[in-house]
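# Need coordinates for the below:
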Amino acid sequence: SPKDKVYRALSLLARYGIKHLPVVEGGKLVGIVTLRHLLRLAHQEPLLIIGKIELAQSAEELAEVKAELPAMVANRLSAGISAVDTMTMLSLIHQDLHRRAFELALKEMPEAPPVPYCLFVTGSHGRGEALLAPDQDHGLIIADYPDAHYEKIDGYFRELATKFGQNLEKIGYPRCPGYIMSENPLWRKRYQEWLKQFLIWLELASYHTVRYLTLVFDAAPLMGDFPLFFGLKRFFLEKIQEYHNVIRQMFEEEAGHKVPLGMFNKFIVEKEGPHKGQLHLKRSGLIFVVEAARVLSLKEGIAEVSTLDRIKALKERHLISAQDAEYAEHAFHILVHYALQTQVQHWQKGEPISYWLNPQELSAHDRDMLRYAFQAIKRLKDLVESAFGYLIL
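Alright, predicted model coming up:
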């Protein structure tokens, strides 16, 4: 579509060995892009990465590609390329690594899939906001089939999902601590079973089931029969509008987070332990913007997946002002910049890559920028609280 990135177009051309790609919007052809056009726009770097992924014949070869990503991010940031643009390209590479890992798992299977399926990713992978050290977050939608064939067909996809997860581990994606993985039967179901599962989660409205519902909202299809995914997503978006209590519970979880600014705008950091003097840029920053955009979008039935697209849609529908949208976008850009910069620094020092940052190690200018982002988040939190003050239960 016209919204897709150059990297994605190059990836599709390389994957299918073609030189022309139709651009479709609203089911209509609106243009054609060619390999020659794209080569004029793109740097050599994405082409090399795409080529390595497409030619990889093992998880170990894909792990070598993933190991190059911190250096790629460092180079892009040093060249002054936007952190959000870098994050987007990084996320697309993560998705391509996942796709190739799944293709390799399929090659190990004794036969082709017995029924249609759709592999999806969620969390930061689904939103297109994965940075340098994401874990696994994925699931499988399997086309409906008779119960009599359950053992054979589910056994096939269970084995495939297990091989896929093992490939991802070898590449460098840790297993999800919450077991949001397609080898888990909870995240590997037939289409009709998924519909029933959504209704159960909506009715239960517990802490865990509400979290699962946010993951559904943040999901994106990766491989297979995409209509399976989009059918479920439409059902979910329509049905959740009937469960205002669930959306309010998402809001209350968002409202429970505290912005790490205290008196006189001093940073609130860890007081003891291995991260004494540090703050966590994801849990103390990015999560506010992500959750605020998500819960406002869910409340209004907006189907966009990425945080910035959700903010844009909220602004275009006049649900938030242009100024509030600008504040939220600026905060997101700033936090992604410092998160990537921090992760690159950890990699350069040979430390585990994480979101932990000591604000006192920043320059005065950088500390002011970080304060501005947190102040913008406070404003965004006030906006969400105001919106939910009018939600009728």
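
# ok now do the closest residue to residue 321 other than its chain neighbours, which residues does it touch?
Residue nearest to residue 321 in three dimensions, not counting chain neighbours: residue 315, with 7.6 Å by CB to CB, 6 or more residues apart in numbering. (C-beta placed from N, C-alpha, C; glycine too.) Residues counted as contacts of residue 315 (CB atoms under 8 Å, 6 or more residues apart in numbering) are 321-322, 324-325.

# ok, and the most crowded of those residues?
The member of those surrounded by the most neighbours (other CB atoms under 10 Å) is residue 325, with 21 neighbours in all.

# List of residues touching stretch 332-345?
Contacts of stretch 332-345 (CB under 8 Å, 6+ apart): 70, 73-74, 77, 82-84, 86-87, 129, 131-133, 281-282, 285-286, 289, 307-308, 311, 353-357, 366, 369-370, 372-373.

# Buried residues of that stretch, list them for me.
By neighbour count with 16 or more other CB atoms under 10 Å, stretch 332-345 contains the buried residues 332-344.

# Next step: these restricted to helices.
Using DSSP state H, the subset of the buried residues of stretch 332-345 located in helices is 332-344.

# out of the residues you listed, who's nearest residue 183?
Here the nearest of those to residue 183, counting by CB to CB, is residue 343; it sits at 27.7 Å.

# Find the nearest non-adjacent residue to the closest one, please.
Ranked by CB to CB, 6+ apart and with sequence neighbours excluded, the top spatial neighbour of residue 343 is residue 132, at 4.4 Å.

# Tell me how many other residues crowd residue 298.
Look at residue 298: counted by other CB under 10 Å, it has 22 neighbours.

# Same check on residue 175?
Other residues within reach of residue 175 by the criterion other CB under 10 Å amount to 15.

# Name the SS class of it, please.
Local secondary structure at residue 175 is given as coil here, using DSSP: H, G, I helix; E, B strand; the rest coil.

# Could you report the distance from it to residue 78?
Distance from residue 175 to residue 78, counting by CB to CB, to the nearest Å: 33 Å.

# Could you point out which residue ranges in the stretch 201-350 of the chain have low pLDDT?
Regions of the stretch 201-350 of the chain meeting the criterion pLDDT under 70 are absent.

# Please enumerate the strands of it.
Under the criterion DSSP state E, counting those that start in this stretch, the stretch 201-350 of the chain contains strands at 220-224, 279-280.

# ok so residue 29 is a helix residue?
No: counting by three-state DSSP, residue 29 falls outside a helix, being strand.

# Tell me who's in contact with the nearest residue to it once chain neighbours are set aside.
In this structure, residue 29 finds its nearest non-sequential neighbour in residue 22, 5.5 Å apart by CB to CB, 6+ apart. If you count contacts by CB under 8 Å, 6+ apart, residue 22 has them with 29, 31-32.

# Just the C-alphas of the helix or strand harbouring residue 22, formatted as PDB.
Using DSSP states H and E, residue 22 maps to strand 20-25. These are the backbone C-alpha positions of strand 20-25, laid out as PDB (Å, rounded to 0.1, in the frame of the first residue of the first chain):
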ATOM      1  CA  HIS A  20       7.700  -4.700 -10.400                       C
ATOM      2  CA  LEU A  21       5.300  -4.300  -7.500                       C
ATOM      3  CA  PRO A  22       1.700  -3.000  -7.600                       C
ATOM      4  CA  VAL A  23       0.600  -0.300  -5.200                       C
ATOM      5  CA  VAL A  24      -2.900  -0.900  -4.000                       C
ATOM      6  CA  GLU A  25      -5.200   1.300  -1.900                       C
END
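
# Quick one: distance of that strand to the chain centre.
Its chain's C-alpha centre lies 24 Å from the corresponding centre of strand 20-25 when counted by CA atoms, centre = their mean, to the nearest Å.

# same thing with stretch 297-306?
Offset of stretch 297-306 from its chain centre (CA atoms, centre = their mean): 15 Å.

# Does residue 241 touch residue 301 like I think?
Yes: when contacts are counted by CB atoms under 8 Å, residue 241 is listed as touching residue 301 (5.9 Å).

# just so I know, which of the strands of the stretch 201-350 of the chain lies nearest residue 119?
Comparison of the strands of the stretch 201-350 of the chain against residue 119 by CB to CB identifies strand 220-224 as nearest, at 4.4 Å.

# Kindly indicate whether residue 375 is helix, strand or coil.
Following three-state DSSP, residue 375 is assigned to helix.

# In contact with it, which residues?
Residue 375 makes contact with 261, 265, according to CB under 8 Å, 6+ apart.

# same thing with residue 325?
If you count contacts by CB under 8 Å, 6+ apart, residue 325 has them with 311-312, 314-315.

# Next, give me the two most distant ones among these.
Largest pairwise distance in these, by CB to CB, is 7.3 Å, between 312 and 314.

# Dump the C-alpha coordinates for stretch 366-379 into PDB.
In PDB, the C-alpha atoms belonging to stretch 366-379 read as follows (Å, rounded to 0.1, in the frame of the first residue of the first chain):
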ATOM      1  CA  ASP A 366      19.600  15.600  27.000                       C
ATOM      2  CA  ARG A 367      18.200  15.700  30.500                       C
ATOM      3  CA  ASP A 368      16.100  18.700  29.600                       C
ATOM      4  CA  MET A 369      14.800  16.800  26.500                       C
ATOM      5  CA  LEU A 370      13.900  13.800  28.700                       C
ATOM      6  CA  ARG A 371      12.100  16.000  31.100                       C
ATOM      7  CA  TYR A 372      10.100  17.600  28.300                       C
ATOM      8  CA  ALA A 373       9.100  14.100  27.100                       C
ATOM      9  CA  PHE A 374       7.900  13.100  30.700                       C
ATOM     10  CA  GLN A 375       6.100  16.400  31.000                       C
ATOM     11  CA  ALA A 376       4.300  15.700  27.700                       C
ATOM     12  CA  ILE A 377       3.400  12.300  29.000                       C
ATOM     13  CA  LYS A 378       1.800  13.900  32.100                       C
ATOM     14  CA  ARG A 379      -0.300  16.000  29.800                       C
END
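
# Okay, buried residues for that stretch please.
Going by 16+ other CB under 10 Å, stretch 366-379 has these buried residues: 366, 369-371, 373-374, 376-377.

# Perfect, I'm done here.
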